[in-house]
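In: Please find the sequence and the predicted model below.
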Amino acid sequence: MKILLTGSTGQVGYELERSLQGIGEVVAVDRSRMDLADLDQVRSVIRAVRPTLIVNPAAYTAVDKAESEPELAYRVNAEAPGLMAEEAKLLGAAMVHYSTDYVFDGSDPAPRVEGDATGPLNVYGASKLAGEQAIAAAGIPHLIFRTSWVYGMRGKNFLLTMLRLGRERDELRVVNDQHGAPTWSRTIADTTALMLAQAGAPDSAWWQQHGGVYHLSSQGQTTWYDFTRAILETAGIACSVLPISSAEYPVPARRPAHSVLSSARLMAHCRLPQWQEALRLCLQQ
Ligand SMILES: NC(=O)C1=CN([C@@H]2O[C@H](COP(=O)(O)OP(=O)(O)OC[C@H]3O[C@@H](n4cnc5c(N)ncnc54)[C@H](OP(=O)(O)O)[C@@H]3O)[C@@H](O)[C@H]2O)C=CC1
Ligand SMILES: Cc1cn([C@H]2C[C@H](O)[C@@H](COP(=O)(O)OP(=O)(O)O[C@H]3O[C@@H](C)C(=O)[C@@H](O)[C@H]3O)O2)c(=O)[nH]c1=O
Ligand SMILES: [Mg+2]
């Protein structure tokens, strides 16, 4: 199996490059080789590589910036994945894609299941939802993993931000009214590989039976405030943390209050760690 992997410089893409080695021959392309904002380039790279499987963790992930760059966010998060799916169809290839808890409006505190009504509150979430819909519309074998609050020891993420700020400052103010599940990039990559090992080639019956959208998050839930406390405590950093409301932390994009995902569908296939366990393992690296 020949795998075209995008976004290999990102948190999830970096881990995938390693996790997918056992699944097939990985052709990793970064932005310099395939810019998702350049749809002609996306098409020509896919036609040159001729993959059996496209794995697409590349995305426009700057949630606040997206509010002032909606066109670019939609091109990268919706049009490019839609085009990848159309090209996959021509090749008889399958596609793995990633989406977000921010497709939900967060009004319901109960964990969201895959079929629940969506209602993104911000441009990023809306553009990611449009990407999901474009892939589904192509009618190809596909897996879309919706994950949440991704962190790891590289790239830009909340964990690294808090480790830095916690060392620099005496006190942090962190929102305590947004609920979700922090998810380690390695959990996402390893789970992807596990599912692909079960799935087999794009023409196998597995895709018909088990394809579609899956929620993929750590188990349990927390708030950004409690996550920060756990990060600092686990890393042994002394810094006081003050819980605040979202209103006290003004930013351009609205975030959902409750975006906990139920990963029950996925857990019929594999195990997912508690968020505290994954955090501990990540910080041990
Ligand atoms: N980060 C999070 O908290 C969450 C992420 N997700 C989803 O998970 C997936 C993986 O996210 P994650 O790894 O965290 O994202 P990162 O922000 O860590 O990485 C994004 C990747 O996309 C690449 N990229 C961005 N714009 C372009 C472009 N125009 N052309 C080519 N490549 C581009 C980046 O390249 P470069 O290094 O050149 O910028 C980088 O490799 C995404 O689909 C995201 O929407 C879902 C929930 C939470
Ligand atoms: C740095 C900082 C942030 N915050 C708040 C802002 C925000 O509400 C929350 C988290 O900050 P972030 O900017 O990391 O959050 P955000 O960029 O919204 O993270 C999201 O990214 C996208 C890509 C996703 O798909 C989501 O699942 C989610 O992970 O913490 C504080 O309250 N205090 C602080 O000192
Ligand atoms: Mg962010």
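Out: Received, thanks. Ligands and ions are numbered 1, 2, ... in the order given.

In: Remind me which helix or strand Ala193 belongs to.
Out: helix 185-199 (DSSP states H and E).

In: on contacts alone, who are the packing partners of that helix?
Out: Where contact means 3 or more C-beta pairs under 8 Å, 6 or more residues apart in numbering; DSSP states H and E, helix 185-199 is packed against helix 11-19, strand 94-100, strand 142-147, strand 150-151, helix 205-210. (Each C-beta comes from the backbone N, C-alpha and C, glycine too.)

In: And the pLDDT at the residue in the stretch 151-285 of the chain positioned nearest to ligand 1?
Out: Proximity of the stretch 151-285 of the chain to ligand 1 (C-beta to the nearest ligand atom) peaks at Gly155, 4.1 Å away. On pLDDT, Gly155 comes in at 90.

In: likewise the one 3 residues further on?
Out: Model confidence at Phe158, given as pLDDT, is 97.

In: how close does it sit to Ile237?
Out: 15 Å (C-beta to C-beta, to the nearest Å).

In: re earlier: wait, the residue of the stretch 151-285 of the chain closest to ligand 1 touches Ser8, no?
Out: No. The pair Gly155 / Ser8 is not scored as a contact, 11.3 Å apart, by C-beta atoms under 8 Å.

In: any shared contact partners between these two?
Out: Tyr14 (C-beta atoms under 8 Å, 6 or more residues apart in numbering).

In: These two: which is more packed in?
Out: Ser8 (21 against 17; other C-beta atoms under 10 Å).

In: re earlier: adding mean pLDDT and distance to ligand 1 as columns, could you present the helices and strands packed on helix 185-199 in a markdown table?
Out: Listed next are the helices and strands packed on helix 185-199 as a markdown table, based on pLDDT from 0 to 100; distance: least, C-beta to the nearest ligand atom, whole Å:
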| stretch | mean pLDDT | distance to ligand 1 |
| --- | --- | --- |
| helix 11-19 | 97 | 4 |
| strand 94-100 | 98 | 4 |
| strand 142-147 | 98 | 5 |
| strand 150-151 | 98 | 3 |
| helix 205-210 | 96 | 20 |
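
In: now for those, which one comes closest to ligand 2?
Out: Nearest to ligand 2, of the helices and strands packed on helix 185-199 and by C-beta to the nearest ligand atom, is strand 94-100 at 3.5 Å.

In: Please list the outside residues in contact with that closest one.
Out: 12, 52-57, 59, 81, 84-85, 88, 124-125, 128-129, 131-132, 135, 140-148, 188, 192, 196, 199, 202, 207, 213.

In: For Gln208, which non-adjacent residue is closest in space?
Out: Pro141 (7.5 Å; C-beta to C-beta, 6 or more residues apart in numbering).

In: Could you count how many residues lie near that neighbour?
Out: Neighbours of Pro141 (other C-beta under 10 Å): 23.

In: I am finished for the moment; much appreciated.
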